[in-house]
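sequence first, predicted coordinates after that:
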Amino acid sequence: MSEGKYIVEIPVGPQHPALHEPISLRIKVDGEQVIDVNVVAGYNHRGVEWLAERRTFYQNIFLVSRVCGICNAVHGAAYVQAVEDLLGIEVPPRARYLRTLVMELERIHSHMLILAVLAEVLGFETLFMLMMRDRERIMYLKELVTGNRVHADYMFVGGVRRDLSTEKKDTILKHLAYIEERMKYYEKVWSEDPIILKRTQGIGIATKSQALAHSLVGPVARGSNVKNDVRFTDPYDAYDEIPFNIITRDEGDTWARMMVRIDEIYESINMIKYILEHLPTGPIIPWKNIKAAPRRFPKGEGIGRVEAPRGELLYHIVSDGGVKPYRVKIRTPSILNIHNGVFMLLNQYIADIPAIFTSFDPCISCAERVTVIDKEGKKKNIPWRKLADVSYVRKLFR
Amino acid sequence: MSLPKIMGEALRNLFKKPSTIMEPPDKIKPTEDYRGMHRVNYDKCIGCSLCAIECPAMAITMVPIPDKKKRYPKIDYGKCVFCYRCVEVCPVNAYIVSNEKPKSNTKRQIILHTPEEWFSRKEG
């Protein structure tokens, strides 16, 4: 082929050393440059929504925490918020502060994880080891507060499941001071190391208009100067009482997204310090004990919306008045960032693909809600009206 | 980092304890409130089967016992996710909690907690 373009398709994934997640990127390249990306998902579909319809409301609190391992407390909080919306329960102030505390601890360790993983993807394995070593302290704090270093299982309808004693506060503050000091060093590395800067600056750029047009969420959007943060735009739990800044950056490249995460860790540390200082006294659950939680659920629907470490997380629960939810709809931030964010990979070099893709903080098991299996290979066009007719809400409330 | 600083750190690290902990993981001490292995005090149990109904992992089944009228919970630690929902809902607080780390084992007998075992140990 002497004239014209010679286009090659390269599969990146699902098992690939560059991406530690089961997702396949079919990349079409012309020479070294990417001209087309096709995301093939569905390797990690577990049918969580289907399972949630077959378990009771209280069993689902523990099921939805297993949607994602990294942001499990946030998933629990969003689900519980939706159930509270359905029941019309007011959460006691102490419980709201404690929920915020656990969610901020989770944000710190999630951001530290992705900073470490990107360093590893760039070949900087020492930084990966150091960051993961320090992250272990946050995991220890999470175990101290919730009872397990990974699966918090901390949220419950109406409040939280454990109280925080005063002795634990000092331990938390001691470890946070250490993390803050270490993060200053990591910030210096991330903003001065020549290899990191060359591999991340100026690649995978999304401008503000592009980020808005592709409805990106979380740190990916905030790296492109979009003030998109549910904690600020639609405050839940104790976020309306705690002062914090939204971190945004103008550059919109891979480096900016990571720097947003570093600055958010500082914000989270300050928020936890504020929470521990201003922790209100009182009950952690609106009833006498957790056994007195309501057993009857009214017919209706509820919505829970929180800012996960990766972006906006939404839960929609529909109840038909039974003990089990009629439908639990989960929309995770990774769906938007993975599928809509591929435009950033276009016109980049193959070697930069893992770095750009990792900077989205993709969580594949979060994102896989539906697998479409086209058995006969025929494409069908479903009109909007017909799609609305089969909608679960219409079916129930007609 | 300058070269002397790096050399200093390298020398210091020679005499430091490693950050990683080798197997067996018994050396990792869980915190006091860690959700570890839990057992049923079958003398207290009234056989209401609330724990079996509420268990999100369906790890608890109610089993009949010869010459006992009630049914008792049998816990399969292979399925258990250690969420402590059963501990919470028990109306008579029959569950005994500990911060002992759950151990993995291929032997079925070890990852099961059965009422037969409890009652036979009591008799014998």
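Arrived safely.

can you confirm residue A:381 is in a helix?
No - under DSSP: H, G, I helix; E, B strand; the rest coil, residue A:381 sits outside any helix and is assigned coil.

residues in contact with residue A:30?
A:5-8 (CB atoms under 8 Å, 6 or more residues apart in numbering or on different chains). Using the backbone N, CA and C atoms, a C-beta is placed for each residue, glycine as well.

before we move on, which element is residue A:10 in?
strand A:7-12 (DSSP states H and E).

just give me how far that strand sits from the chain centre.
29 Å (CA atoms, centre = their mean, to the nearest Å).

one step back: now render the contacts of residue A:30 as JSON lines, adding distance to residue A:173 and neighbour count.
Output for the contacts of residue A:30, formatted as JSON lines (distance: CB to CB, whole Å; neighbours: other CB atoms under 10 Å in any protein chain shown):
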{"residue": "A:5", "distance to residue A:173": "60", "neighbour count": "9"}
{"residue": "A:6", "distance to residue A:173": "60", "neighbour count": "10"}
{"residue": "A:7", "distance to residue A:173": "57", "neighbour count": "11"}
{"residue": "A:8", "distance to residue A:173": "55", "neighbour count": "9"}
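
would you list these in a markdown table and tack on distance to residue A:128 and pLDDT?
Shown next, in a markdown table, are these (distance: CB to CB, whole Å; pLDDT from 0 to 100):
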| residue | distance to residue A:128 | pLDDT |
| --- | --- | --- |
| A:5 | 38 | 72 |
| A:6 | 37 | 83 |
| A:7 | 35 | 87 |
| A:8 | 31 | 89 |
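
the longest helix in chain B is where?
helix B:3-14 (DSSP state H).

could you point out the helix or strand that follows that one?
Later in the chain than helix B:3-14, the nearest helix or strand by DSSP H and E is strand B:38-40.

pairing partners for that following strand, with directions?
strand B:95-97 (antiparallel) (DSSP bridges).

the partner strand: which residues count as buried?
Of all the residues in strand B:95-97, those buried under the rule 16 or more other CB atoms under 10 Å in any protein chain shown are B:95, B:97.

go on, stretch A:329-349?
For stretch A:329-349, by 16+ other CB under 10 Å, it's A:329-338, A:340-342, A:344-345, A:348.

CA atoms of that stretch as PDB?
C-alpha atoms of stretch A:329-349 as PDB (Å, rounded to 0.1, in the frame of the first residue of the first chain):
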ATOM      1  CA  LYS A 329     -31.100   2.300  39.200                       C
ATOM      2  CA  ILE A 330     -27.400   3.100  39.700                       C
ATOM      3  CA  ARG A 331     -25.600   5.700  37.700                       C
ATOM      4  CA  THR A 332     -21.900   5.800  38.500                       C
ATOM      5  CA  PRO A 333     -19.500   8.600  37.400                       C
ATOM      6  CA  SER A 334     -17.200   6.200  35.500                       C
ATOM      7  CA  ILE A 335     -19.900   5.600  32.900                       C
ATOM      8  CA  LEU A 336     -19.700   9.200  31.800                       C
ATOM      9  CA  ASN A 337     -15.900   9.600  32.100                       C
ATOM     10  CA  ILE A 338     -15.000   6.400  30.300                       C
ATOM     11  CA  HIS A 339     -17.500   6.400  27.400                       C
ATOM     12  CA  ASN A 340     -17.700  10.200  26.900                       C
ATOM     13  CA  GLY A 341     -14.100  10.900  27.700                       C
ATOM     14  CA  VAL A 342     -12.500   8.900  24.800                       C
ATOM     15  CA  PHE A 343     -12.400  12.100  22.600                       C
ATOM     16  CA  MET A 344      -9.300  13.000  24.700                       C
ATOM     17  CA  LEU A 345      -7.500  10.000  23.300                       C
ATOM     18  CA  LEU A 346      -7.900  11.100  19.700                       C
ATOM     19  CA  ASN A 347      -4.800  12.500  17.900                       C
ATOM     20  CA  GLN A 348      -2.600  11.300  20.800                       C
ATOM     21  CA  TYR A 349       0.300   8.900  20.600                       C
END
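
so for it, mean pLDDT?
Stretch A:329-349 carries an average pLDDT of 88.

please apply the same query to stretch B:57-71.
On average, stretch B:57-71 scores 88.
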